[in-house]
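Undergrad: got a structure for you, letters missing:
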């Protein structure tokens, strides 16, 4: 593998914003419903209310705790026919708060999923910019635009295990309490 | 101009994709499809992946996808060029330590040599019972593949943040911060038409380390330990940035920057090491 000759890499300097929380809103519940069930004109709320026994049953079957007694669920319908179920849920971890939705077919298969919002907190402060050391002083000929909507964070990799466990839990909720509804 | 931003759990982390352009929706979906495809091929844990099948049957040539050949070829070459500071054969050591599942009937070798990986035009196999893990390079390689897959869509820009590994294409410069070991954020600058990857190494017995939520494990060379800190590498391609962070973390004291530069990357200054 020969040494590639590359143009000097630069990180462009930018204004520093005060930031300790990474929070992004991707879509609303209504937008998620339309994305996951594009052909369904009707979404009928059919929230699940679970007693302690039912919640324990979920924990026993999946190994994942059913945190809430109330689970927000909608039937996706077209002309009276059930297209599937739209289930809203949250992952509440030590560092993360994620709102997401799963679309489940009447047969109990995941048709799709979307993350509605993502919030990651570590309580850390923002340091002084390090970019001065990284900037190599090259003048850029190309025009560029700064995308300031959402800052990106490189570093610790937060496992998505909690979210995948959540999807597993929702599938089991469907199997036990929705598949005959 | 149309802007779309979405997030999915793929490759064990949260992957956020942003795209700008008339076909932004399609671009974002295509990126997720490619990353999902990559996970199915190169996951160590998934027993049906090509990697798992290769790990299960050392000595047996298996037909694999040309991208798999390419990825293994890059991993092997980097292992040779870095004198094993980057080592994709440490899967065995991770299996022994209980961090990775064992798919073989007996315990594998903790590590091997680059020469143990044999590659043909459309097949691969290992000479000895090693366990190859592509964790330090496959994610970046998948990001590069995803970018190529949407090139024809004419998007103004597209950026991917796969659990802290960043790859950006197009007109937008994306502000980047690094998460240090003590959870502070260091503004690094704005990234454009390049890749940035970071690997965090906690000091052993550090109370700050939160292995349950941040499960990445770095395996150093025998007799050495990976230097604590967050190692960030800038490169033109994501596979290179991804892999070179491992090399940086494992390099002898004071040599990290030079080693990374030799292999086509740029090591960012480690603010963690500068303080206190």
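TA: Everything's here; your move. On a predicted model such as this, the values are computed, not experimentally measured, just so you know.

Undergrad: tell me who's in contact with residue A:97.
TA: Going by Cβ atoms under 8 Å, 6 or more residues apart in numbering or on different chains, residue A:97 touches A:90-91, A:117-121. In this view, the C-beta of every residue, glycine as well, is placed from N, C-alpha and C.

Undergrad: swap in residue A:50?
TA: Taking Cβ under 8 Å, 6+ apart, one finds A:58, A:66, A:69-71, A:177 in contact with residue A:50.

Undergrad: low-confidence ranges in chain A?
TA: A:1-21, A:123-151, A:156, A:181 (pLDDT under 70).

Undergrad: at 90 what do you get?
TA: Low-confidence segments of chain A (pLDDT under 90): A:1-23, A:40-41, A:92-96, A:119-161, A:179-181.

Undergrad: grab the most central residue of it for me.
TA: For chain A, the residue nearest the mean C-alpha position is residue A:115 (2.9 Å; Cα atoms, centre = their mean).

Undergrad: wait, is residue B:195 part of a strand?
TA: Yes - assessed by DSSP: H, G, I helix; E, B strand; the rest coil, residue B:195 belongs to a strand.

Undergrad: strands of chain A, residue ranges please.
TA: Ranges of strands in chain A, per DSSP state E, are A:21-25, A:42-45, A:48-49, A:70-71, A:73-78, A:81-92, A:96-104, A:110-121, A:145-146, A:152-154.

Undergrad: pick the most deeply packed of those.
TA: strand A:152-154 (a mean of 25; mean count of other Cβ atoms under 10 Å in any protein chain shown).

Undergrad: does chain B have contacts with it?
TA: Yes - counting by Cβ under 8 Å from any Cβ of the partner chain, chain B has neighbours in strand A:152-154: A:152-154.

Undergrad: so which elements touch that strand?
TA: strand B:157-162, strand B:165-170, strand B:172-179, strand B:185-191, strand B:194-201 (3 or more Cβ pairs under 8 Å, 6 or more residues apart in numbering or on different chains; DSSP states H and E).

Undergrad: where does the closest residue to residue A:122 other than its chain neighbours sit: helix, strand or coil?
TA: Counting by Cβ to Cβ, 6 or more residues apart in numbering or on different chains, residue B:183 is the residue found nearest to residue A:122 once chain neighbours are left out, at 3.8 Å. What three-state DSSP gives for residue B:183 is coil.

Undergrad: run a quick neighbour tally on residue B:183.
TA: Residues near residue B:183, counting by other Cβ atoms under 10 Å in any protein chain shown, number 17.

Undergrad: and the pLDDT at it?
TA: Residue B:183 carries a pLDDT value of 78.

Undergrad: residues in contact with the residue nearest to the centre of chain A?
TA: By Cβ under 8 Å, 6+ apart, the neighbours of residue A:115 are A:26, A:98-100, A:163, B:6-9, B:14.

Undergrad: neighbours of the residue nearest to residue B:106 when sequence neighbours are not counted, how many?
TA: Excluding its sequence neighbours, the residue lying closest to residue B:106 (Cβ to Cβ, 6+ apart) is residue B:129, at 7.8 Å. Number of residues near residue B:129 (other Cβ under 10 Å) recorded here: 18.

Undergrad: was I right about residue B:129 contacting residue B:103?
TA: No - between residue B:129 and residue B:103 there is no contact under Cβ atoms under 8 Å: 11.5 Å.

Undergrad: measure residue A:120 to residue B:116 for me?
TA: 39 Å (Cβ to Cβ, to the nearest Å).

Undergrad: how many neighbouring residues does the closest residue in space to residue B:42 that isn't next to it in sequence have?
TA: Closest residue to residue B:42 apart from its sequence neighbours, by Cβ to Cβ, 6+ apart: residue B:138 at 4.4 Å. Close neighbours of residue B:138, defined as other Cβ under 10 Å, add up to 27.

Undergrad: other SSEs contacting the helix or strand that contains residue B:28?
TA: For residue B:28, the element it lies in under DSSP states H and E is helix B:24-42. For helix B:24-42, the elements it packs on are strand B:3-10, strand B:13-20, helix B:50-56, helix B:66-81, helix B:138-149, strand B:157-162, judged by 3+ Cβ pairs under 8 Å, 6+ apart.

Undergrad: out of those, which gets nearest to residue B:109?
TA: helix B:50-56 (11.4 Å; Cβ to Cβ).

Undergrad: who touches the following helix or strand past that closest one?
TA: Next along the chain after helix B:50-56, taking DSSP H and E as the criterion, comes strand B:62-63. For strand B:62-63, contacts defined as Cβ under 8 Å, 6+ apart pick out B:50, B:53-54, B:122-125.

Undergrad: returning to that earlier point: report the contact partners of the nearest residue to the residue nearest to the centre of chain A once chain neighbours are set aside.
TA: Counting by Cβ to Cβ, 6+ apart, residue A:115 lies nearest to residue B:7, which is 4.0 Å off, once chain neighbours are set aside. If a contact means Cβ under 8 Å, 6+ apart, then residue B:7 has A:24, A:26, A:115, A:118, B:14-17 as its contacts.

Undergrad: on that earlier part again, show me which pair in the contacts of strand B:62-63 is furthest apart.
TA: B:53 and B:122 (14.3 Å).
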